[in-house]
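[1] Predicted model follows, preceded by the sequence.
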Amino acid sequence: MAREFEFKQLMRAYRSGILSEATFEAEMAALENGAQASNGSASDGAGFKAFGKTYKSERAAIVSFLDKVRAGEAGGAEAFNAWVKACKTECIYTSLQMIAEREAYHSRVFGKRLAELGGEERAGATEEGRKFTALLGSTEIPDNEKFLRLTSNRSKPEDGSQPIRDFAALICEDMSTKEALRLFAEDELSTAKWIWDTCAALNPSASATRTEHASMSMSGSRSMSGAKSMSGTKSMSAKPMNGAKAASAMKSAGASKSKSMSSSAVKH
């Protein structure tokens, strides 16, 4: 029964684009060879490999991950709540509240799951997290600048949630956590897409520059690091939008996106 469920999950992940063809074929081969529990199973003693580390078992890896994510999401909730208080752009105010609530419930759910597995809450606030909260809660940095900084260290929205998907794909025994992580990845992707879309709407010139440099990078003319460097330069000179201009930009971006989606068809 567990094997059949695993097969269905692999098929669903592959069809929805979560798994690449190569990863799907590797997972299927392992499943067909009866090796689905080889990563960290009690029988082989090889340990569970994830995030470039080897854990004693699958459970040990999950407990470590849940603890870190629990603390990280609590920090995320604090940071976005700080942004809500400092927000000067009316059209994004409620969305920031939703993100803060989403981060908070992730922390609560993973804290509960950690306790169910007998794990302890060891991870706490970090210096990086405190700096992140200070950034988003700043009243000196314009909202559009904050979006530029949030998107400057990744080439696309999917980059942040992919490690979660990869980890979930490795889990073979704890199906409850595996399914929760799939939903978590979708939540994180949803948030990231909104941040990227809003960044483009509030920073049209910087967005155009990024697109241009990303295209040049793909053709071999420029590296992605060059594009990021240019984006960073742009972000320092970006001018804040007032509420009316921001709302107008968001409305225009939304109309353009709707038109584009209606002409093509097709994701959570």
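    Thanks, I have the structure now. Numbers count the residues shown, from 1 in each chain.
[2] As a check, name the ranges of all helices in the stretch 51-200 of the chain.
    Listed from the start of the chain, the stretch 51-200 of the chain has helices (DSSP state H, counting those that start in this stretch) covering 58-86, 93-116, 127-136, 143-151, 162-170, 175-202.
[3] out of those, which comes closest to Phe51?
    Phe51 sits nearest to helix 162-170 of all the helices of the stretch 51-200 of the chain, at 7.1 Å, using Cβ to Cβ. C-beta coordinates here come from the backbone N, C-alpha and C atoms, glycine included.
[4] For that closest one, enumerate the helices and strands it packs against.
    Judged by 3 or more Cβ pairs under 8 Å, 6 or more residues apart in numbering; DSSP states H and E, helix 162-170 is in contact with strand 48-50, helix 58-86, helix 175-202.
[5] closest to Asp166 out of those?
    Per Cβ to Cβ, nearest to Asp166 of those: strand 48-50, 8.2 Å.
[6] OK, contacts around Pro163?
    Residues in contact with Pro163 (Cβ atoms under 8 Å, 6 or more residues apart in numbering) are Phe51.
[7] can you rerun that using 7 Å?
    Residues near Pro163 by Cβ atoms under 7 Å, 6 or more residues apart in numbering: none.
[8] Kindly provide the distance from it to Phe110.
    Look at Pro163 and Phe110: by Cβ to Cβ, to the nearest Å, they are 15 Å apart.
[9] Got the confidence number for the closest residue in space to Arg182 that isn't next to it in sequence?
    With sequence-adjacent residues excluded and distances taken as Cβ to Cβ, 6 or more residues apart in numbering, Arg182 is closest to Ala168, at 5.5 Å. On pLDDT, Ala168 comes in at 96.
[10] Now do the contacts for Ala168.
    Lys178, Leu181, Arg182, Ala185.
[11] Include neighbour count, pLDDT and distance to Trp194 when you put the residues you listed into CSV, please.
    As requested, those are exported to CSV (neighbours: other Cβ atoms under 10 Å; pLDDT from 0 to 100; distance: Cβ to Cβ, whole Å):
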residue, neighbour count, pLDDT, distance to Trp194
Lys178, 19, 97, 26
Leu181, 23, 97, 20
Arg182, 20, 96, 19
Ala185, 22, 97, 15
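[12] As CSV, those residues with distance to His106 would be great.
    Shown next, in CSV, are the contacts of Ala168 (distance: Cβ to Cβ, whole Å):
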residue, distance to His106
Lys178, 16
Leu181, 11
Arg182, 13
Ala185, 11
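[13] Low-confidence regions, this protein specifically.
    1-6, 9-10, 13, 16-20, 22-23, 26-27, 30-45, 207-268 (pLDDT under 70).
[14] how about 90 then?
    1-47, 153-155, 205-268 (pLDDT under 90).
[15] For Ala50, name its beta-bridge partners.
    Lys53 (DSSP bridges).
[16] Near it, how many other residues are there?
    21 (other Cβ atoms under 10 Å).
[17] Could you pull up the residues touching it?
    Ala61, Phe167, Leu170.
[18] Considering these, which possesses the most neighbours?
    Most surrounded of these: other Cβ under 10 Å gives Ala61, at 24 neighbours.
[19] Quick check: that one vs Lys49, distance?
    From Ala61 to Lys49 the distance is 8 Å (Cβ to Cβ).
[20] Just name the most buried of the helices and strands packed on helix 162-170.
    Greatest average neighbour count among those goes to helix 58-86 (a mean of 21), per mean count of other Cβ atoms under 10 Å.
[21] Show me what counts as buried in stretch 134-145.
    Neighbour counts using 16 or more other Cβ atoms under 10 Å place Leu135, Leu136, Gly137, Ile141, Pro142, Asp143, Asn144, Glu145 of stretch 134-145 among the buried residues.
[22] End to end on that stretch, go ahead and measure it.
    Using Cα to Cα, to the nearest Å, one end of stretch 134-145 lies 14 Å from the other.
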